[in-house]
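# From the sequence below, what's the structure:
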Amino acid sequence: MNIEDILSREDTIFIDSSVIHLHKKRRNTARDRFIYALDDDRLDDNIKIAKDAICLLESKKVKVIPEVLAEVQHIENLLDRTIDLRARNRKLKRITEDVSTKDYQLSLLKDYIDSIVQLAGQSKVRNHNPLLSKLAELTDLITNQGGVKKPRKYEEYFKPYKSTDAKIVAHSIYEAIHEGNPSTILTGDSDFSAILPVSFKIMTSEYMKPQGDLLYKKLIENPITLYYKNGEGYEKAMSTDKIASVRMFRLNNLSYDENLRILEGVKHLLSDLPVPSQPQQSLLQQV
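Residues are numbered from 1 along each chain as shown. You can find the predicted model right below:
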């Protein structure tokens, strides 16, 4: 499935920075230190990725959370570092090939990345509803204590943003239960295959009544759909309205006591979960 297909089918789309993840490699500096720079042997691929990202971000359907915007800005810094590194190597006569083509490609890529940062800023989520903060706490708790998968090890310049994936899931859940909208997550990151179903399963557990019943109904009525980037296209991975596949997901090797501790923590956070009045009142009457 390509970007145009997804844009025609979905109304609210959250993106992860992995969909704009450009090819990079380690470079040795003059002081024998290693830094990351864009791979100038794959500039054509990087330009294609950037053009697709612009097509995606130009749609008014796309939402960018602040953490993703920060990661995109790091990509912009990575490109600037690459350009500076090539200029330094040229000055030291470490580059012997004809540089005109690659310099042009880097210049074109810089224009695209600058546009991506600007478009991502325009699409930035600016919602500070207390419910959103509460859901972010829940997904962080489930991700960090659930033993599902340890936070992914980013390179040094990504370290401040390890909980980005959980926050994207929290924003999607907020769309479902507060805004009443189905939503889509586009990613190239396998962490979501654990975070989304486990968040769904724990938050909607019967142990969490009555809030669990409420969240369950809302996430079925307004499903969250996950798409993985697969080459140049996207592949549908899961959706919260497909109950059988999501509820079969199991926590990884958790003891009874560990599982109970997590559930108690989630229940405590859910106990004072702020809810919108009209849609949730009607649902509570059905429970």
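# longest helix in the chain, by residue count?
helix 66-91 (DSSP state H).
# Tell me the buried residues in that helix?
67-69, 71-75, 78-79, 81-83, 85-86, 89 (16 or more other CB atoms under 10 Å). The way it works is simple: take the backbone N, C-alpha and C, and place the C-beta from them, glycine included.
# Count residues in the vicinity of residue 42, would you?
15 (other CB atoms under 10 Å).
# before we move on, what about residue 47?
Residue 47, neighbours per other CB under 10 Å, totals 17.
# Following the chain past the helix or strand harbouring it, name the next helix or strand.
Secondary structure assignment for residue 47, by DSSP states H and E: helix 43-57. Toward the C-terminus, helix 43-57 is succeeded by strand 62-63 as the next helix or strand (DSSP H and E).
# Give me the contact list for that next one.
By CB atoms under 8 Å, 6 or more residues apart in numbering, the list of residues contacting strand 62-63 from outside reads 12-15, 56, 123, 125, 171.
# Dump those to JSON lines, plus distance to residue 25 and secondary structure.
Below are those laid out as JSON lines (distance: CB to CB, whole Å; DSSP: H, G, I helix; E, B strand; the rest coil):
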{"residue": "12", "distance to residue 25": "35", "secondary structure": "coil"}
{"residue": "13", "distance to residue 25": "30", "secondary structure": "strand"}
{"residue": "14", "distance to residue 25": "29", "secondary structure": "strand"}
{"residue": "15", "distance to residue 25": "24", "secondary structure": "strand"}
{"residue": "56", "distance to residue 25": "25", "secondary structure": "helix"}
{"residue": "123", "distance to residue 25": "29", "secondary structure": "coil"}
{"residue": "125", "distance to residue 25": "32", "secondary structure": "coil"}
{"residue": "171", "distance to residue 25": "32", "secondary structure": "helix"}
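# Out of those residues, which is nearest to residue 134?
residue 171 (12.4 Å; CB to CB).
# That closest one against residue 132, yeah?
Yes - if you go by CB atoms under 8 Å, residue 171 and residue 132 touch, sitting 6.8 Å apart.
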